[in-house]
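Asks: how would this look folded up:
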Amino acid sequence: MNTDDTGTANRDARRSAARFREMLASERRSAALYRGLAASTDGERREVFLQLADVEDRHAAHWADKLAELGEPVPTPGGVGLRGRVLTWLAKRFSIDAVLPLMERAEHADAGLYDNDPDATADMASGERSHALALTRMRTGGRDDEAEGGRGIARREPWHRSDRSGSLRAAVFGVNDGLVSNTSLVMGFAGSGAASPIVLFAGLAGLLAGAFSMAAGEYISMSSQRESYQHEIELEAEELRDDPQAETEELALIYRAKGLDAEQAERVATTIMKDKDAALDTMAREELGLDPDELGSPWSAAFSSLIAFALGAVVVVLPYAFGSGTAALITAIVLAALALFGVGAALGLINGRSALRGGARQLIVGGAAALIVFGIGHLIGHAVS
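Replies: Numbering: from 1, shown residues only. So this is what the prediction gives:
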(Lines give C-alpha, C1' and ligand atoms only; values in the text may rest on other atoms or scores of the structure.)
Protein backbone atom coordinates (compact mmCIF):
# COMPACT_ATOMS: atom_id res chain seq x y z
CA MET A 1 0.00 0.00 0.00
CA ASN A 2 1.48 3.39 -0.97
CA THR A 3 1.65 6.46 1.26
CA ASP A 4 -1.53 8.05 -0.16
CA ASP A 5 -3.56 4.89 0.38
CA THR A 6 -2.22 4.58 3.91
CA GLY A 7 -3.11 8.18 4.69
CA THR A 8 -6.62 7.74 3.32
CA ALA A 9 -7.14 4.56 5.34
CA ASN A 10 -5.94 6.30 8.49
CA ARG A 11 -8.30 9.21 7.95
CA ASP A 12 -11.23 6.85 7.36
CA ALA A 13 -10.34 4.92 10.51
CA ARG A 14 -10.20 8.12 12.55
CA ARG A 15 -13.57 9.25 11.23
CA SER A 16 -15.09 5.84 11.97
CA ALA A 17 -13.61 5.83 15.47
CA ALA A 18 -15.02 9.29 16.17
CA ARG A 19 -18.46 8.19 15.00
CA PHE A 20 -18.32 4.98 17.01
CA ARG A 21 -17.41 6.96 20.15
CA GLU A 22 -20.31 9.33 19.52
CA MET A 23 -22.76 6.44 19.08
CA LEU A 24 -21.38 4.69 22.16
CA ALA A 25 -21.79 7.80 24.31
CA SER A 26 -25.33 8.37 23.00
CA GLU A 27 -26.43 4.80 23.71
CA ARG A 28 -24.90 4.91 27.19
CA ARG A 29 -26.69 8.18 27.98
CA SER A 30 -29.98 6.68 26.80
CA ALA A 31 -29.49 3.58 28.93
CA ALA A 32 -28.68 5.70 31.98
CA LEU A 33 -31.74 7.88 31.32
CA TYR A 34 -34.06 4.88 31.06
CA ARG A 35 -32.71 3.52 34.34
CA GLY A 36 -33.20 6.91 35.96
CA LEU A 37 -36.80 6.98 34.76
CA ALA A 38 -37.31 3.41 35.96
CA ALA A 39 -36.33 4.56 39.44
CA SER A 40 -39.10 7.17 39.30
CA THR A 41 -41.93 4.71 38.71
CA ASP A 42 -42.96 1.15 39.46
CA GLY A 43 -44.91 -1.78 38.09
CA GLU A 44 -44.95 -2.50 34.37
CA ARG A 45 -43.64 0.93 33.45
CA ARG A 46 -40.54 0.34 35.51
CA GLU A 47 -39.97 -3.03 33.85
CA VAL A 48 -40.41 -1.54 30.37
CA PHE A 49 -37.90 1.22 31.10
CA LEU A 50 -35.40 -1.35 32.38
CA GLN A 51 -35.87 -3.46 29.26
CA LEU A 52 -35.33 -0.39 27.09
CA ALA A 53 -32.15 0.32 29.06
CA ASP A 54 -30.95 -3.24 28.45
CA VAL A 55 -31.49 -2.81 24.71
CA GLU A 56 -29.48 0.42 24.77
CA ASP A 57 -26.73 -1.39 26.67
CA ARG A 58 -26.56 -4.00 23.90
CA HIS A 59 -26.32 -1.25 21.31
CA ALA A 60 -23.57 0.43 23.33
CA ALA A 61 -21.68 -2.86 23.56
CA HIS A 62 -21.83 -3.15 19.77
CA TRP A 63 -20.16 0.25 19.31
CA ALA A 64 -17.60 -0.57 22.00
CA ASP A 65 -16.73 -3.73 20.04
CA LYS A 66 -16.38 -1.69 16.84
CA LEU A 67 -13.92 0.61 18.59
CA ALA A 68 -11.96 -2.34 19.88
CA GLU A 69 -11.77 -3.77 16.34
CA LEU A 70 -10.04 -0.56 15.27
CA GLY A 71 -7.61 -0.84 18.15
CA GLU A 72 -9.09 2.24 19.82
CA PRO A 73 -9.53 2.53 23.60
CA VAL A 74 -13.13 2.25 24.82
CA PRO A 75 -14.10 5.33 26.86
CA THR A 76 -15.48 4.89 30.34
CA PRO A 77 -19.20 5.67 30.81
CA GLY A 78 -19.85 9.39 31.15
CA GLY A 79 -23.15 9.44 33.00
CA VAL A 80 -26.64 10.45 31.96
CA GLY A 81 -25.77 13.90 30.59
CA LEU A 82 -27.46 17.26 31.15
CA ARG A 83 -30.63 16.41 29.21
CA GLY A 84 -30.95 13.13 31.09
CA ARG A 85 -30.53 14.85 34.46
CA VAL A 86 -33.22 17.38 33.59
CA LEU A 87 -35.68 14.72 32.42
CA THR A 88 -34.99 12.52 35.44
CA TRP A 89 -35.52 15.47 37.76
CA LEU A 90 -38.80 16.35 36.04
CA ALA A 91 -39.98 12.75 36.35
CA LYS A 92 -39.17 12.69 40.06
CA ARG A 93 -40.50 16.18 40.76
CA PHE A 94 -43.73 15.80 38.80
CA SER A 95 -44.37 12.43 37.13
CA ILE A 96 -43.31 10.13 34.33
CA ASP A 97 -46.26 11.43 32.30
CA ALA A 98 -44.66 14.88 32.31
CA VAL A 99 -41.58 13.66 30.42
CA LEU A 100 -43.06 10.91 28.23
CA PRO A 101 -44.04 13.31 25.39
CA LEU A 102 -40.47 14.68 25.32
CA MET A 103 -38.99 11.19 25.29
CA GLU A 104 -41.45 10.05 22.64
CA ARG A 105 -40.62 12.91 20.25
CA ALA A 106 -36.90 12.30 20.65
CA GLU A 107 -37.25 8.56 20.02
CA HIS A 108 -39.46 9.08 16.97
CA ALA A 109 -36.87 11.52 15.60
CA ASP A 110 -34.17 8.84 16.04
CA ALA A 111 -36.34 5.93 14.90
CA GLY A 112 -34.53 5.61 11.57
CA LEU A 113 -31.06 6.31 12.97
CA TYR A 114 -29.63 2.91 12.07
CA ASP A 115 -31.74 2.08 9.01
CA ASN A 116 -28.96 2.81 6.49
CA ASP A 117 -25.96 2.47 8.78
CA PRO A 118 -23.63 -0.22 7.39
CA ASP A 119 -21.95 -0.61 10.78
CA ALA A 120 -25.20 -1.27 12.66
CA THR A 121 -27.02 -4.59 12.85
CA ALA A 122 -30.57 -5.22 11.65
CA ASP A 123 -31.92 -5.70 15.17
CA MET A 124 -30.48 -2.30 16.19
CA ALA A 125 -32.57 -0.56 13.53
CA SER A 126 -35.75 -2.37 14.56
CA GLY A 127 -34.90 -1.81 18.23
CA GLU A 128 -34.82 1.96 17.78
CA ARG A 129 -38.20 1.90 16.05
CA SER A 130 -39.71 -0.28 18.77
CA HIS A 131 -38.48 2.17 21.44
CA ALA A 132 -40.49 4.98 19.89
CA LEU A 133 -43.62 2.86 19.64
CA ALA A 134 -43.21 1.52 23.17
CA LEU A 135 -43.11 5.06 24.55
CA THR A 136 -46.13 6.06 22.46
CA ARG A 137 -48.15 3.15 23.82
CA MET A 138 -46.97 3.87 27.35
CA ARG A 139 -48.15 7.48 27.04
CA THR A 140 -51.51 6.59 25.48
CA GLY A 141 -52.10 3.51 27.57
CA GLY A 142 -51.86 1.35 24.46
CA ARG A 143 -54.31 3.38 22.37
CA ASP A 144 -52.16 3.80 19.27
CA ASP A 145 -54.38 3.64 16.22
CA GLU A 146 -51.63 4.60 13.82
CA ALA A 147 -49.55 1.62 14.86
CA GLU A 148 -52.56 -0.66 14.63
CA GLY A 149 -53.55 0.43 11.15
CA GLY A 150 -56.28 2.60 12.65
CA ARG A 151 -58.46 -0.42 13.25
CA GLY A 152 -59.12 0.04 16.94
CA ILE A 153 -60.98 3.33 16.89
CA ALA A 154 -61.95 3.03 13.24
CA ARG A 155 -64.12 0.02 14.03
CA ARG A 156 -65.95 1.96 16.74
CA GLU A 157 -65.79 5.47 15.26
CA PRO A 158 -65.63 5.43 11.46
CA TRP A 159 -65.02 9.20 11.26
CA HIS A 160 -61.47 8.54 12.52
CA ARG A 161 -60.39 6.50 9.48
CA SER A 162 -56.79 7.13 8.51
CA ASP A 163 -57.16 7.26 4.69
CA ARG A 164 -53.86 5.53 3.95
CA SER A 165 -54.73 5.60 0.26
CA GLY A 166 -53.88 9.30 0.32
CA SER A 167 -57.02 10.25 -1.63
CA LEU A 168 -58.51 12.53 1.02
CA ARG A 169 -55.16 14.16 1.73
CA ALA A 170 -54.57 14.71 -1.99
CA ALA A 171 -58.08 16.12 -2.44
CA VAL A 172 -57.69 18.57 0.44
CA PHE A 173 -54.37 19.88 -0.85
CA GLY A 174 -55.62 19.84 -4.42
CA VAL A 175 -58.71 21.95 -3.90
CA ASN A 176 -56.77 24.47 -1.81
CA ASP A 177 -53.96 24.75 -4.33
CA GLY A 178 -56.34 24.98 -7.26
CA LEU A 179 -58.45 27.67 -5.68
CA VAL A 180 -55.63 29.84 -4.34
CA SER A 181 -53.16 29.48 -7.21
CA ASN A 182 -55.65 29.94 -10.06
CA THR A 183 -57.44 32.78 -8.31
CA SER A 184 -54.08 34.52 -7.93
CA LEU A 185 -53.21 33.80 -11.56
CA VAL A 186 -56.51 35.15 -12.91
CA MET A 187 -56.36 38.20 -10.64
CA GLY A 188 -52.83 38.90 -11.86
CA PHE A 189 -53.93 38.93 -15.50
CA ALA A 190 -57.04 40.91 -14.66
CA GLY A 191 -54.97 43.46 -12.74
CA SER A 192 -52.67 43.93 -15.74
CA GLY A 193 -55.64 45.14 -17.79
CA ALA A 194 -55.59 42.17 -20.16
CA ALA A 195 -58.66 41.56 -22.29
CA SER A 196 -61.25 39.10 -21.00
CA PRO A 197 -60.41 36.37 -23.57
CA ILE A 198 -56.77 36.49 -22.46
CA VAL A 199 -57.79 36.23 -18.82
CA LEU A 200 -60.02 33.28 -19.69
CA PHE A 201 -57.21 31.56 -21.61
CA ALA A 202 -54.79 32.15 -18.72
CA GLY A 203 -57.30 30.71 -16.26
CA LEU A 204 -57.89 27.61 -18.39
CA ALA A 205 -54.15 27.13 -18.91
CA GLY A 206 -53.55 27.46 -15.18
CA LEU A 207 -56.33 24.96 -14.45
CA LEU A 208 -55.02 22.32 -16.87
CA ALA A 209 -51.33 22.79 -16.11
CA GLY A 210 -51.90 22.81 -12.36
CA ALA A 211 -54.28 19.86 -12.33
CA PHE A 212 -52.02 17.56 -14.33
CA SER A 213 -48.93 18.76 -12.53
CA MET A 214 -50.55 18.03 -9.16
CA ALA A 215 -51.70 14.61 -10.38
CA ALA A 216 -48.24 13.69 -11.67
CA GLY A 217 -46.58 14.90 -8.47
CA GLU A 218 -49.04 13.05 -6.27
CA TYR A 219 -48.59 9.85 -8.28
CA ILE A 220 -44.80 10.02 -7.88
CA SER A 221 -45.11 10.90 -4.20
CA MET A 222 -47.52 8.07 -3.39
CA SER A 223 -45.53 5.58 -5.46
CA SER A 224 -42.37 6.47 -3.54
CA GLN A 225 -44.23 6.22 -0.25
CA ARG A 226 -45.66 2.82 -1.16
CA GLU A 227 -42.25 1.53 -2.23
CA SER A 228 -40.76 2.82 1.02
CA TYR A 229 -43.44 1.04 3.07
CA GLN A 230 -42.94 -2.18 1.11
CA HIS A 231 -39.20 -1.96 1.68
CA GLU A 232 -39.73 -1.56 5.42
CA ILE A 233 -41.95 -4.64 5.47
CA GLU A 234 -39.34 -6.59 3.48
CA LEU A 235 -36.67 -5.60 6.01
CA GLU A 236 -38.96 -6.70 8.81
CA ALA A 237 -39.41 -10.06 7.08
CA GLU A 238 -35.63 -10.45 6.93
CA GLU A 239 -35.32 -9.63 10.63
CA LEU A 240 -37.99 -12.19 11.47
CA ARG A 241 -36.11 -14.80 9.46
CA ASP A 242 -32.63 -13.94 10.75
CA ASP A 243 -33.34 -13.24 14.42
CA PRO A 244 -36.85 -14.37 15.46
CA GLN A 245 -35.92 -14.33 19.15
CA ALA A 246 -35.07 -10.62 19.09
CA GLU A 247 -38.32 -9.88 17.24
CA THR A 248 -40.27 -11.89 19.81
CA GLU A 249 -38.69 -9.84 22.59
CA GLU A 250 -39.55 -6.60 20.80
CA LEU A 251 -43.17 -7.64 20.30
CA ALA A 252 -43.43 -8.67 23.95
CA LEU A 253 -42.04 -5.28 24.94
CA ILE A 254 -44.67 -3.52 22.82
CA TYR A 255 -47.47 -5.53 24.45
CA ARG A 256 -46.07 -4.80 27.89
CA ALA A 257 -46.16 -1.10 27.07
CA LYS A 258 -49.81 -1.63 26.16
CA GLY A 259 -50.52 -2.86 29.66
CA LEU A 260 -50.03 -6.64 29.61
CA ASP A 261 -47.88 -8.13 32.33
CA ALA A 262 -44.60 -9.81 31.43
CA GLU A 263 -46.01 -13.33 31.31
CA GLN A 264 -49.03 -12.41 29.20
CA ALA A 265 -46.95 -10.30 26.81
CA GLU A 266 -44.42 -13.08 26.29
CA ARG A 267 -47.16 -15.68 25.79
CA VAL A 268 -48.98 -13.55 23.19
CA ALA A 269 -45.77 -12.68 21.35
CA THR A 270 -44.60 -16.32 21.31
CA THR A 271 -47.97 -17.50 19.99
CA ILE A 272 -47.99 -14.92 17.19
CA MET A 273 -44.44 -15.73 16.16
CA LYS A 274 -45.34 -19.38 15.51
CA ASP A 275 -47.13 -18.31 12.30
CA LYS A 276 -44.73 -16.53 9.93
CA ASP A 277 -47.43 -14.68 8.01
CA ALA A 278 -49.23 -13.59 11.16
CA ALA A 279 -45.91 -12.56 12.70
CA LEU A 280 -44.99 -10.35 9.74
CA ASP A 281 -48.45 -8.80 9.62
CA THR A 282 -48.38 -8.12 13.36
CA MET A 283 -44.87 -6.67 13.37
CA ALA A 284 -45.72 -4.44 10.41
CA ARG A 285 -48.69 -3.06 12.33
CA GLU A 286 -47.22 -2.97 15.82
CA GLU A 287 -43.59 -2.04 15.16
CA LEU A 288 -43.74 -0.13 11.88
CA GLY A 289 -47.20 1.36 12.26
CA LEU A 290 -48.21 0.10 8.80
CA ASP A 291 -51.26 -1.74 7.55
CA PRO A 292 -49.95 -4.10 4.82
CA ASP A 293 -53.39 -4.03 3.19
CA GLU A 294 -53.50 -0.22 2.95
CA LEU A 295 -50.15 1.10 1.74
CA GLY A 296 -51.66 3.80 -0.46
CA SER A 297 -52.89 3.91 -4.05
CA PRO A 298 -50.87 6.19 -6.38
CA TRP A 299 -53.60 6.20 -9.05
CA SER A 300 -56.34 7.03 -6.55
CA ALA A 301 -54.29 9.85 -5.04
CA ALA A 302 -53.39 11.23 -8.48
CA PHE A 303 -57.00 11.18 -9.72
CA SER A 304 -58.29 12.79 -6.51
CA SER A 305 -55.64 15.48 -6.75
CA LEU A 306 -56.44 16.23 -10.40
CA ILE A 307 -60.19 16.50 -9.86
CA ALA A 308 -59.85 18.51 -6.65
CA PHE A 309 -57.41 20.99 -8.18
CA ALA A 310 -59.66 21.44 -11.20
CA LEU A 311 -62.71 22.04 -9.00
CA GLY A 312 -60.87 24.69 -7.05
CA ALA A 313 -59.32 26.31 -10.11
CA VAL A 314 -62.51 26.50 -12.17
CA VAL A 315 -64.24 28.86 -9.73
CA VAL A 316 -62.60 32.02 -11.09
CA VAL A 317 -62.64 30.79 -14.69
CA LEU A 318 -66.42 30.44 -14.96
CA PRO A 319 -67.25 34.18 -14.83
CA TYR A 320 -64.92 34.84 -17.78
CA ALA A 321 -66.37 31.87 -19.68
CA PHE A 322 -69.83 33.47 -19.59
CA GLY A 323 -69.01 37.16 -19.26
CA SER A 324 -66.36 39.82 -19.60
CA GLY A 325 -65.08 43.11 -18.28
CA THR A 326 -65.74 44.50 -14.83
CA ALA A 327 -68.80 42.28 -14.28
CA ALA A 328 -66.75 39.12 -14.80
CA LEU A 329 -64.00 40.42 -12.50
CA ILE A 330 -66.41 41.27 -9.68
CA THR A 331 -68.21 37.94 -10.08
CA ALA A 332 -64.88 36.09 -9.99
CA ILE A 333 -63.85 37.92 -6.82
CA VAL A 334 -67.14 37.13 -5.08
CA LEU A 335 -67.11 33.47 -6.10
CA ALA A 336 -63.48 33.10 -5.07
CA ALA A 337 -64.17 34.69 -1.67
CA LEU A 338 -67.17 32.42 -1.06
CA ALA A 339 -65.19 29.35 -2.15
CA LEU A 340 -62.20 30.25 0.03
CA PHE A 341 -64.43 30.73 3.04
CA GLY A 342 -66.37 27.54 2.30
CA VAL A 343 -63.25 25.39 1.93
CA GLY A 344 -61.77 26.82 5.12
CA ALA A 345 -65.01 26.27 7.03
CA ALA A 346 -65.27 22.67 5.81
CA LEU A 347 -61.69 21.96 6.83
CA GLY A 348 -62.39 23.50 10.22
CA LEU A 349 -65.37 21.21 10.76
CA ILE A 350 -63.45 18.14 9.60
CA ASN A 351 -60.65 18.95 12.04
CA GLY A 352 -63.07 19.56 14.90
CA ARG A 353 -62.39 23.30 14.92
CA SER A 354 -64.56 26.37 14.47
CA ALA A 355 -65.99 26.60 10.96
CA LEU A 356 -66.10 30.41 11.21
CA ARG A 357 -62.46 30.62 12.25
CA GLY A 358 -61.30 28.16 9.58
CA GLY A 359 -63.26 29.97 6.88
CA ALA A 360 -62.00 33.40 7.92
CA ARG A 361 -58.40 32.23 8.02
CA GLN A 362 -58.64 30.66 4.57
CA LEU A 363 -60.30 33.79 3.17
CA ILE A 364 -57.64 36.10 4.62
CA VAL A 365 -54.68 34.03 3.47
CA GLY A 366 -56.03 33.20 0.01
CA GLY A 367 -57.43 36.69 -0.48
CA ALA A 368 -54.13 38.29 0.48
CA ALA A 369 -52.28 36.16 -2.07
CA ALA A 370 -54.72 37.08 -4.83
CA LEU A 371 -54.61 40.77 -3.89
CA ILE A 372 -50.82 40.86 -3.96
CA VAL A 373 -50.68 39.22 -7.39
CA PHE A 374 -53.42 41.57 -8.66
CA GLY A 375 -51.31 44.53 -7.54
CA ILE A 376 -48.18 43.13 -9.15
CA GLY A 377 -50.09 42.49 -12.38
CA HIS A 378 -51.45 46.08 -12.28
CA LEU A 379 -47.96 47.54 -11.90
CA ILE A 380 -46.53 45.37 -14.69
CA GLY A 381 -49.46 46.22 -16.96
CA HIS A 382 -48.89 49.94 -16.53
CA ALA A 383 -45.14 49.55 -16.99
CA VAL A 384 -45.40 47.77 -20.34
CA SER A 385 -48.37 49.71 -21.75
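Asks: can you pull the buried residues of the helix or strand encompassing residue 89?
Replies: Applying DSSP states H and E as the criterion places residue 89 in helix 81-93. Residues 81, 84, 87, 88, 90, 91 are the ones in helix 81-93 that count as buried (16 or more other C-beta atoms under 10 Å). Heads up, the C-betas are built off the backbone N, CA and C, glycines and all.
Asks: residue 36: which of those is nearest?
Replies: residue 88 (3.8 Å; C-beta to C-beta).
Asks: ok, the closest residue to residue 46 other than its chain neighbours - contacts?
Replies: Leaving aside its sequence neighbours, residue 46 sits nearest to residue 38 (C-beta to C-beta, 6 or more residues apart in numbering; 4.8 Å). Applying C-beta atoms under 8 Å, 6 or more residues apart in numbering to residue 38 gives the contacts 45, 46, 47, 49, 50, 53.
Asks: among these, which are in helices?
Replies: Within the contacts of residue 38, residues falling in helices by DSSP state H are 45, 46, 47, 49, 50, 53.
Asks: could you verify my assumption that residue 199 touches residue 320?
Replies: Yes. Assessed by C-beta atoms under 8 Å, residue 199 is found in contact with residue 320 at 5.3 Å.
Asks: give the residues shared as contacts by these two.
Replies: 186, 328.
Asks: so which residues make contact with stretch 267-284?
Replies: 232-233, 236-237, 240, 244, 247-252, 255, 260, 290-292.
Asks: cross these against helices and list the overlap.
Replies: Per DSSP H, the contacts of stretch 267-284 map to helices at 232-233, 236-237, 240, 244, 247-252, 255.
Asks: switch the contacts of residue 38 over to TSV; also include neighbour count, distance to residue 97 and pLDDT.
Replies: TSV is the format used below for those (neighbours: other C-beta atoms under 10 Å; distance: C-beta to C-beta, whole Å; pLDDT from 0 to 100):
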residue	neighbour count	distance to residue 97	pLDDT
45	19	10	79
46	16	14	82
47	18	17	82
49	25	13	84
50	16	18	86
53	18	19	86
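Asks: and which of the residues you listed is nearest residue 340?
Replies: Ranked by distance to residue 340 (C-beta to C-beta), the contacts of residue 38 are led by residue 45 at 48.0 Å.
Asks: relative to residue 34, how far out is the closest one?
Replies: Shown here: residue 45 relative to residue 34, a distance of 11 Å by C-beta to C-beta, to the nearest Å.
Asks: same deal with residue 193?
Replies: Distance from residue 193 to residue 34, counting by C-beta to C-beta: 68 Å.
Asks: looking at those two, which one has more neighbours?
Replies: residue 34 (25 against 15; other C-beta atoms under 10 Å).
Asks: and the gap between the more buried one and residue 49?
Replies: 5 Å.
Asks: and what of residue 39?
Replies: Residue 39 is 9 Å from residue 49, by C-beta to C-beta.
Asks: where along the stretch 101-250 of the chain do the helices fall?
Replies: Applying DSSP state H, counting those that start in this stretch to the stretch 101-250 of the chain gives helices spanning 122-140, 151-156, 167-191, 196-242, 244-257.
Asks: now those as a markdown table including mean pLDDT and mean neighbour count?
Replies: Listed next are the helices of the stretch 101-250 of the chain as a markdown table, based on pLDDT from 0 to 100; neighbours: other C-beta atoms under 10 Å:
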| stretch | mean pLDDT | mean neighbour count |
| --- | --- | --- |
| helix 122-140 | 69 | 22 |
| helix 151-156 | 37 | 13 |
| helix 167-191 | 80 | 24 |
| helix 196-242 | 83 | 17 |
| helix 244-257 | 77 | 22 |
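Asks: ramachandran angles for residue 39?
Replies: The phi and psi values for residue 39, taken as degrees, to the nearest 10, are phi -70, psi -10.
Asks: that older thread, show me which of the buried residues of helix 81-93 is closest to residue 106.
Replies: Compare each of the buried residues of helix 81-93 with residue 106 using C-beta to C-beta and the shortest gap goes to residue 87, at 9.4 Å.
Asks: how about the closest one: what's its closest non-neighbour residue?
Replies: Distance criterion C-beta to C-beta, 6+ apart; nearest residue to residue 87, sequence neighbours excluded, is residue 99 at 4.9 Å.
Asks: give the burial count for residue 39, as a bare number.
Replies: Residue 39 has 14 neighbours, counted by other C-beta under 10 Å.
Asks: swap that for residue 76, please
Replies: Neighbours of residue 76 (other C-beta under 10 Å): 7.
Asks: just residue 72 next, same as before
Replies: Neighbours around residue 72, by other C-beta under 10 Å: 17.
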